[in-house]
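**Student:** Model the following, please.
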Amino acid sequence: MSNLENDIKYLKGVGEHRSKLLHKLNIFTIRDLMEHFPRDYINRRSAYKIRDLKLDQNCSFVGIIVSVEKKQFSRKKNQLNVVLTDGEDYLFLTWFRFGNWFLNQFENGKQIWVSGVISEFRGSPQIVHPQIEVLDDEELKLSFWKTRSVLPVYHLTEGITINVMRKLVYNAFKLYADDISENLPQYILEKFTFTDRKTAMQKLHFTQHPADIHKDKIRFIFEELFFIQLMLARCKYGHEKKLNGNQFILKKTFTTKLKHSLPFQLTNAQKRVIREFVEDMTSKKQMNRLLQGDVGSGKTIVTVFAMLLAIENGFQSLMMTPTEILAEQHYRSISNLLSNQPEIKIALLKGGNSKYKRELKEKIRKGEINIIIGTHALIQKDVEFKNAGFLAIDEQHRFGVQQRSVLSHRNNNPDLIYLSATPIPRSLALTVYGDLDVSIIDELPPNRKKIETSYYNANKNSVVYDKVDEQLNLGRQAYIVCPLIQESEKIDLLDAESLYEKLKKHIFPSRKIALLHGKMKNNEKDKIMENFKNGQIDILVSTTVIEVGIDVPNACVMIIQHAERFGLSQLHQLRGRVGRGSDMSYCYLIVYPPISEEGRERLNIMIESNDGFKIAEKDLEIRGQGDFFGTQQSGIPIFKHANIIRDRQLLNTARILAFDLIEADYKLELEKNNILNKVYFKEYFEREKLFDF
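**Tutor:** Numbers count the residues shown, from 1 in each chain. Alright, predicted model coming up:
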């Protein structure tokens, strides 16, 4: 084993305590520390003057602290103002969120480096929430860095100061630089004129010329993207070349009967997707396809066509969902679609161990049930299928790769569709689902109207409630969504329970109002949703538990409280709960100042667009890849260096090279790929095995 794989706690200057702090930065080994590259660089001899700074300019600046002031507005709201000088003019720094450990860094007379975007405050330059580093000259004088004018700036965690991090990085390279080995073959280095790995790493940490290291950064970004694409290429190759599926025959019995019974015309996009399904399912290969579609685009109906194709051939069809509410919603909608085909038996499989469930599992085992819909209960070991031929996994990003894999390789490799109601930007799809074929429903049914969206400050809540009252008088219904269930001492946000009581007693005393949230028992939630769907409830106050799977055509108003706290995709999902009928629908986004520039950008995008794919692209740009789905189970690779928004072009380049390479050398056995073979099977093969090849 290479010395670079040594536990970080054994590096000089680390030890047991610091190693635990470094773990928070995903630094577990010497190699992890060496690959913890600087996020920026400080030039201690910066020639910047405050008077030269321009509005909206992103700049770095070194100055002296002349004033530190903390303002307390309430128990939860405070503000920190720091004033810097370059000896002639003044720069204001402001923070609205900070802890005491952060405040304690600042002292009058200390030299500080700041980086951020210049704005204006009362005619003077200001940076809100800048990145900072207090420059400790005394400590620098004792280290390797004392003679260097350019210093690296690293992502840190509480307990690890910048000077400690610099010392640890220096120690790692001093002791182990010779252990750094290349992991890209010579022909790739030459193709892209990349520097060798050891030299590139040293330049990134110790450069005195930051403008000259762009190509070295690109090298590590490419490397990361390339190996992920190499894994996806092998997985896709495995599906297409090694795994045989069930070759169905299009008999046009159940499928044609469904087509003729529909009270609407399929859109061209739905017809195209059904053709793609049929082409895959009538071939010998196992279908392995991602189905993307905006809220209300009709993903369920095309999935049912695929289910019926499997049933026509004597197989069972399955659908797995992340929540019982969504499973029940699919059970009801699919039962309605197939109400004129009573010979097709449909069942809902929930958790628990009741007598009914035991009897149901026996019917499933015997093949007496044609369509089985359920949550993770479907992948329990005691659930046996006679001949599962088709599997749809809805909201599949909420399942981990291993969970999906369990079902996908039982019963002779059923054909697979992964459904996503969260439109996934192409760059993210290539990274997370690059092993799948992709079908897209990019067309809404013709009767769907654009949802009129607007936002109001919280002091205009009464205006919005008057608009709601107008719709209720017309016999319509409304949702009101809050970010919290109960009042919190830590977060100053409106909660669903408090709002429910206020609406019931003071604002809509004559209306029927109900409260719904995730901590309720399932039968209680079911009863509330059933009553809402049947029109027995006028206003449903809820948390984001209604984000997916709720279909009430008569509900035409959506109010989202604290809309500035939600991501774009989540706002779009919530908005998609209305606009499901023929009436005009409205979405009111209620915001509570102060609102960040990013928050205003999200709100404006929501007002401008109803296109889920455009919104998803913007959401990914604003929030970044790690927070897009908000779950560690999603299968999104955690990149150290790459950013799939910024690096889209490089991602495409890496993908083309990786897929061509695997097509020519699946096992990486050619002499020119010796290095790739060594690195891949050491670092990535375990991840590949999640796909069970």
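**Student:** now the lengthiest helix in the chain, how far from the centre of its chain.
**Tutor:** As assigned by DSSP state H, the longest helix anywhere in the chain is helix 214-237. Mean-position distance between helix 214-237 and its chain equals 20 Å (C-alpha atoms, centre = their mean, to the nearest Å).
**Student:** Please apply the same query to stretch 269-284.
**Tutor:** Chain-centre distance of stretch 269-284: 28 Å, with C-alpha atoms, centre = their mean.
**Student:** tell me the average confidence for that stretch?
**Tutor:** Mean pLDDT, stretch 269-284: 93.
**Student:** Flag every buried residue along stretch 156-163.
**Tutor:** 156, 160, 162, 163 (16 or more other C-beta atoms under 10 Å). (C-beta placed from N, C-alpha, C; glycine too.)
**Student:** re earlier: which of the residues in the longest helix of the chain are classified as buried?
**Tutor:** 216, 218-237.
**Student:** Same check on stretch 345-356?
**Tutor:** Applying 16+ other C-beta under 10 Å to stretch 345-356 flags 345, 346, 347, 348, 349, 350 as buried.
**Student:** tell me the least confident of those?
**Tutor:** Out of the buried residues of stretch 345-356, that is residue 350, at 81.
**Student:** So which other helices or strands are in contact with the host helix or strand of residue 619?
**Tutor:** Secondary structure from DSSP states H and E places residue 619 in helix 612-623. Packed against helix 612-623 by the contact rule (3 or more C-beta pairs under 8 Å, 6 or more residues apart in numbering; DSSP states H and E) you find helix 568-575, helix 597-608.
**Student:** quick revisit: in CSV, list the buried residues of stretch 156-163 along with distance to residue 256 and secondary structure.
**Tutor:** Below are the buried residues of stretch 156-163 laid out as CSV (distance: C-beta to C-beta, whole Å; DSSP: H, G, I helix; E, B strand; the rest coil):
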residue, distance to residue 256, secondary structure
156, 64, coil
160, 66, coil
162, 69, helix
163, 73, helix
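**Student:** Looking at these, spot the one nearest residue 21.
**Tutor:** Checking these against residue 21 with C-beta to C-beta, the nearest one is residue 160 at 5.2 Å.
**Student:** Might you report the residue contacts of the closest one?
**Tutor:** Going by C-beta atoms under 8 Å, 6 or more residues apart in numbering, residue 160 touches 18, 21, 22, 25.
**Student:** Quick check, pLDDT for the closest residue to the second one other than its chain neighbours.
**Tutor:** In other words, residue 21. Computed as C-beta to C-beta, 6 or more residues apart in numbering, the closest residue to residue 21 that is not its neighbour in sequence is residue 159, at 4.4 Å. For residue 159, the model assigns a pLDDT of 88.
**Student:** Now residue 207, what are its backbone angles?
**Tutor:** Main-chain torsions, residue 207, degrees, to the nearest 10: phi -60, psi 150.
**Student:** Kindly provide the distance from it to residue 62.
**Tutor:** As judged by C-beta to C-beta, to the nearest Å, residue 207 and residue 62 stand 18 Å apart.
**Student:** To what extent is the spatially closest residue to residue 619 that is not a sequence neighbour buried, counted in neighbours?
**Tutor:** Nearest-residue entry for residue 619: residue 568, 3.6 Å, with adjacent residues in sequence omitted and distances by C-beta to C-beta, 6+ apart. By other C-beta atoms under 10 Å, 25 other residues sit near residue 568.
**Student:** Enumerate every residue touching residue 568.
**Tutor:** 602, 605, 606, 615, 616, 618, 619, 622, 623.
**Student:** now swap in residue 679 and tell me
**Tutor:** Contacts of residue 679 (C-beta under 8 Å, 6+ apart): 183, 227.
**Student:** go on, residue 681?
**Tutor:** Taking C-beta under 8 Å, 6+ apart, we find residue 681 in contact with residue 668.
**Student:** could I get the contacts of residue 568 as TSV with neighbour count, distance to residue 425 and pLDDT?
**Tutor:** Formatted as TSV, these follow (neighbours: other C-beta atoms under 10 Å; distance: C-beta to C-beta, whole Å; pLDDT from 0 to 100):
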residue	neighbour count	distance to residue 425	pLDDT
602	26	16	86
605	19	14	90
606	24	17	91
615	26	10	83
616	24	5	79
618	21	9	81
619	24	8	78
622	17	12	73
623	17	11	66
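**Student:** contacts for stretch 236-251?
**Tutor:** By C-beta under 8 Å, 6+ apart, the residues outside stretch 236-251 that reach it are 278, 281-288, 309-310, 312-313, 315, 389, 412-415, 434-436, 659, 662-663, 666, 691, 693.
**Student:** one more time with 6 Å
**Tutor:** Applying C-beta atoms under 6 Å, 6 or more residues apart in numbering, the contact partners of stretch 236-251 are 278, 281-282, 284-286, 288, 309, 312-313, 389, 413, 415, 435, 662, 666, 693.
**Student:** Please, where are all the strands along the stretch 151-300 of the chain?
**Tutor:** For the stretch 151-300 of the chain, the strands defined by DSSP state E, counting those that start in this stretch occupy 288-293.
**Student:** what ranges of it fall below the confidence cut-off?
**Tutor:** 242-243 (pLDDT under 70).
**Student:** if you set the cut-off to 80 instead, what comes out?
**Tutor:** Scanning the stretch 151-300 of the chain for pLDDT under 80 picks out 238-245, 294-296.
**Student:** if we can go back for a sec, now the longest helix of the chain and strand 288-293, what's the angle there?
**Tutor:** 110 degrees (axes from the mean of the first three to the mean of the last three C-alpha atoms, to 10 degrees).
**Student:** Great, nothing more from me.
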